[in-house]
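Q: attaching a predicted model along with its sequence, questions to come.
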Amino acid sequence: MARQIRDLTNTTLDDVPRPCRGCVFWEYAPADRALTLGAHDADFEKEAWVSEVSLMHGSAGKVVYIDGRPVGFALFGPQDAFRGADVFPLRISRDALFLAMVRILPDATGRGVGKALVHSVLKEAKARGKRAVECYGDRGWQHESCIVPGAFLEAIGFRVKREHPRFPLYRIDLGSLAKASKNVEAAVEALLENLFNNEPAVGKAPARSTSQP
């Protein structure tokens, strides 16, 4: 099995699986999303966003391949590039890279793909001078959300930084990269097999709250 991880750019964007290829849940704020998609199709807007992020900040994510076939991806960058995150009441730390989304195709589970993809995100964070990766997790994930399952994040070493009843903010320090064990790898693959076996639909963002969780 030959595994390869490449930067997410306009060259590799078409290797992102549907419906994520044309999903702009994270890229645009809800009001802007409705206006934007009324003028252009989602694929066009996704391509324009990836171009802008790549030019200003570097790769917008990673795409993982097995024997040349794309089997998953991760979407990340500075939170300011993800206007869809504005509806969340908890803010990403300045010293952290924001991980918006991780997805692995069902037939790629059980091969260490999830662990390798997450490690590539941690390495990217280090290369950009960050101390950690932070991500919003969904404690009620049921194959219908663009938000990463909280159980998956906890299994790979993320810990809750700020509590929220449904969408806590998770964080993993870069030092955790060297501490990954086979037990963690087994947990990751078991969760991937259970969590990512169905096509996720575009999810709804949480209502923005002005109160602290």
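A: Thanks, I have it.

Q: just the C-alphas of the helix or strand containing Val63, formatted as CSV.
A: Assigned by DSSP states H and E, Val63 belongs to strand 61-66. Provided in CSV are the C-alpha atoms of strand 61-66 (Å, rounded to 0.1, in the frame of the first residue of the first chain):
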residue,chain,number,x,y,z
GLY,A,61,-5.4,21.6,3.9
LYS,A,62,-4.1,18.1,3.1
VAL,A,63,-5.4,15.4,0.8
VAL,A,64,-4.4,11.8,1.5
TYR,A,65,-4.0,9.1,-1.2
ILE,A,66,-3.7,5.3,-1.2
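
Q: wait, Gly77 sits on Ala60?
A: Yes: counting by CB atoms under 8 Å, Gly77 touches Ala60, with 5.6 Å between them. Bear in mind the C-beta positions are built from the backbone N, C-alpha and C, glycine included.

Q: spit out the residues that contact those two alike.
A: Contact criterion CB atoms under 8 Å, 6 or more residues apart in numbering; residues shared by Gly77 and Ala60: Val53.

Q: so between those two, which is more surrounded?
A: Just comparing Gly77 and Ala60: by other CB atoms under 10 Å the higher neighbour count belongs to Ala60, 28 against 25.

Q: residue contacts, that one?
A: Here Ala60 is in contact with 8-9, 49-50, 53-54, 75-77, 81 (criterion: CB under 8 Å, 6+ apart).

Q: okay if I get these as a markdown table plus pLDDT, distance to Glu134 and secondary structure?
A: Below are the contacts of Ala60 laid out as a markdown table (pLDDT from 0 to 100; distance: CB to CB, whole Å; DSSP: H, G, I helix; E, B strand; the rest coil):
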| residue | pLDDT | distance to Glu134 | secondary structure |
| --- | --- | --- | --- |
| Leu8 | 95 | 19 | coil |
| Thr9 | 92 | 23 | coil |
| Trp49 | 92 | 20 | helix |
| Val50 | 94 | 21 | helix |
| Val53 | 93 | 17 | helix |
| Ser54 | 92 | 21 | helix |
| Leu75 | 96 | 14 | strand |
| Phe76 | 96 | 10 | strand |
| Gly77 | 94 | 12 | strand |
| Ala81 | 93 | 14 | helix |
